[in-house]
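**Q** Predicted structure and sequence below. I'll ask about it afterward.
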Amino acid sequence: MEKNKKKIRRICLYSGPSGGKSITAANIRAQLGFKGYDIELVEEIIKDWTYIPRIPTSADSLYLQSCQIQKEDIRLRAGVDLIITDSPVFLQYFYGRYHKDPFRDSMQIAFKEFDQMYPALNIFIDREDKFYNQIGRYENFRESKHIDTLIKGMLVENKMSFTSFSCLDQEHIINYIISKVEKND
């Protein structure tokens, strides 16, 4: 391992709404678990809100980010080797900025510090348009595709290294993760 390089602890999936993050996260968790990896799935906090529907306002994004950090941190502090999430801490910051949360600057600091504590492998999931589902989403299809572009732009703006894969390219995603995790041990 490179000097001062920390071990990958988090696998973070990115895309806009209904881009394939949740299905991919569940598949990665299952496939790596079957291969003997100590990996847990950390699902998104806000999902239940979308069914009510409760729309985030004011400082809700900061609250959601804090809850997401706690869910990930609990597992990692307990000794779980890897987590996979369909709602990374950075994504909470993205939505805080997107919705103009008054604490978005603090959210940026939080995601950067969390990344320092628990290094991440970042993967952007490129959507297949035919799989879009409005249920459990705030945004429509057109808005979701626009959010894809904005997320990629913010990843670049924040100097976040990431690799993109089609949501249909599950085997390559799994192989890529294994190669990065093994190289990092």
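**A** Structure's in. What do you need? Residues are numbered from 1 along each chain as shown.

**Q** quick check, Thr149 in a helix?
**A** Yes. Under DSSP: H, G, I helix; E, B strand; the rest coil, Thr149 falls within a helix.

**Q** Endpoints of stretch 130-137, how far apart?
**A** 16 Å (Cα to Cα, to the nearest Å).

**Q** Could I get the average pLDDT for that stretch?
**A** Per-residue pLDDT over stretch 130-137 has a mean of 78.

**Q** And stretch 33-45, by the same measure?
**A** 96.

**Q** contacts for it?
**A** Outside of stretch 33-45, the residues within contact range by Cβ atoms under 8 Å, 6 or more residues apart in numbering are 11, 22, 25-26, 28-29, 32, 64, 67-68, 71-72, 75, 80-87, 178, 181. Where C-beta positions appear, they are placed from N, C-alpha and C, glycine not excepted.

**Q** Can you flag which of the residues you listed belong to strands?
**A** 11, 82-85 (DSSP state E).

**Q** Could you identify the most distant pair in these?
**A** Leu82 and Thr85 (10.4 Å; Cβ to Cβ).

**Q** Show me whatever sits in contact with both of those two.
**A** 10-11.

**Q** Tell me the secondary structure at Tyr37.
**A** Under three-state DSSP, Tyr37 comes out as coil.

**Q** and the gap between it and Ile23?
**A** 19 Å (Cβ to Cβ, to the nearest Å).

**Q** Buried ones among the contacts of stretch 33-45?
**A** 11, 22, 25, 28-29, 32, 64, 68, 71-72, 75, 81-87, 181 (16 or more other Cβ atoms under 10 Å).

**Q** For the lowest-mean-pLDDT helix or strand in the chain, list every residue counted as buried.
**A** Every helix and strand of the chain was ranked by mean pLDDT, DSSP states H and E. The lowest is helix 47-51, at a mean of 90. Of all the residues in helix 47-51, those buried under the rule 16+ other Cβ under 10 Å are Trp49.
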